[in-house]
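1. 3D model of this:
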Amino acid sequence: MANSYYSIIEPILFMASRLEVIASRCLFRPIGMNISGVKIMSLLCRKQSMAPKEIMKLVGGTKSNISQRLDYLEKKGYVKIYKNMTGDKRKSSVKLTAAGKEKLQEIKSHFKKVKLELESNFSQEEIERHFAFFNKLNKIIDFKEKEFSQCKLKYFCK
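-> Below is the predicted model:
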């Protein structure tokens, strides 16, 4: 490489931010969803039932944001929030409904069309290299997540 130092972090962060904006505008909004809602529904599809606090931890965001998102998903009929006998929202559980499963299939079908269109610009070898790179990066992030969240990485958090 021509540069003596090349950071992989900056282009990834800028691309992630750009993709999030484009995904929100072009993928999610046309089907009446947003990124948080799709993440929540995907988690519930895999886990069957989760507490709102657990959803917040995995999806990110604030209590208020997750609460609003869950209320929206419940009003649409995509999730059902089961409150415990005392009415304490902190001890609720959230489940994906049949309508939520159908919506998730619609979203996956929509994504598949977009994915095929984007992937047609890459060779199979490029796709495999990117897949290997992002798998490795995700494993490193999983391993370092505690340090990231506590801002303990040297040079990263100032």
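2. only C-alpha atoms for contact and neighbour calcs from this point on.
-> Fine.
3. quick one: the strands in this structure?
-> 49-50, 79-82, 93-96 (DSSP state E).
4. parallel or antiparallel, list what pairs with the first one.
-> Each strand that pairs with strand 49-50, with its direction, by DSSP bridges: strand 93-96 (antiparallel).
5. which residues touch the strand it pairs with?
-> Applying C-alpha atoms under 8 Å, 6 or more residues apart in numbering, the contact partners of strand 93-96 are 41, 44-45, 48-52, 78-83.
6. for ChimeraX, what selects the buried ones among those residues?
-> Selection command for ChimeraX covering only the buried members of those, criterion 16 or more other C-alpha atoms under 10 Å:
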select :41,44,45,49,50,51,52,78,79,80,81
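7. pull the most distant pair out of the contacts of strand 93-96.
-> Using C-alpha to C-alpha, the pair of the contacts of strand 93-96 lying farthest apart is Cys45 and Lys83, separated by 19.3 Å.
8. this structure: helices as residue ranges?
-> 9-22, 35-47, 52-59, 63-75, 98-119, 124-149 (DSSP state H).
9. so what's the residue positioned nearest the centre of the chain up against?
-> The chain has Lys39 as the residue nearest its centroid, 4.4 Å off, counting by C-alpha atoms, centre = their mean. Listed by C-alpha under 8 Å, 6+ apart, the contact set of Lys39 reads Val59.
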